[in-house]
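**Student:** I'd like to go over a predicted model; first the sequence, then the structure.
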Amino acid sequence: MSRHLGAGQRALLQTELEMRQRRLDQTLGTHQEGASRVEHAHDLLAQDEEGARRHAMDREVDMAMSDLDIAELGAVSRALVRLREGDYGLCTDCGAEIPFDRLRVEPQAERCVPCASRHEQHSHTPRTNSERPQGRAAPSPPPAGVKKTWGGPASS
């Protein structure tokens, strides 16, 4: 069992994880209006042709948001399992203790910062919302023809 977190800290983080799990379950239910992903997509497509074209983008956004929520729900569920098994707060890659301050911001964190950075660099995939600090969205790439510089975008 990880001893670097006190009982109060573990209880606080468990409460946060359980609240996130309920919120994600509710969000997914609301997002799909209680229907499965297939039923939800079918309902959108069943609208008239004009409506179907108009809602095609909405459907894609709904599916992308659902995918992110499902990924975060999985990360939260895995964190709750680690909490029950006694290895919560330990990096799944190197075994180092994940600082309490990091877990307060991202209670479902599986890796310490150095391992998370290495994992992200090697995977070449953008982080999911569950791997992003709360309140921060993925950065948008610069528009075509604009080169990113230290001080911000600059035309090439």
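**Tutor:** Here it is on my side, so go on. Residues are numbered from 1 along each chain as shown.
**Student:** switch to C-alpha atoms for all contacts and neighbour counts from now on
**Tutor:** Will do.
**Student:** just the helices in this protein please.
**Tutor:** For the chain, the helices defined by DSSP state H occupy 7-31, 37-45, 49-85, 100-105, 113-123.
**Student:** the last one: which residues count as buried?
**Tutor:** Read it as helix 113-123. 115-116 (16 or more other C-alpha atoms under 10 Å).
**Student:** just to revisit the earlier point, would you turn the helices of the chain into a markdown table with mean pLDDT and distance to Asp93?
**Tutor:** Converted to a markdown table, these look like this (pLDDT from 0 to 100; distance: least, C-alpha to C-alpha, whole Å):
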| stretch | mean pLDDT | distance to Asp93 |
| --- | --- | --- |
| helix 7-31 | 91 | 21 |
| helix 37-45 | 63 | 33 |
| helix 49-85 | 84 | 14 |
| helix 100-105 | 95 | 16 |
| helix 113-123 | 91 | 7 |
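**Student:** and of those, who's closest to Cys94?
**Tutor:** Closest to Cys94 of the helices of the chain is helix 113-123 (C-alpha to C-alpha; 7.4 Å).
**Student:** mind putting the helices of the chain in a markdown table, distance to Thr92 included?
**Tutor:** Formatted as a markdown table, the helices of the chain follow (distance: least, C-alpha to C-alpha, whole Å):
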| stretch | distance to Thr92 |
| --- | --- |
| helix 7-31 | 17 |
| helix 37-45 | 31 |
| helix 49-85 | 10 |
| helix 100-105 | 14 |
| helix 113-123 | 9 |
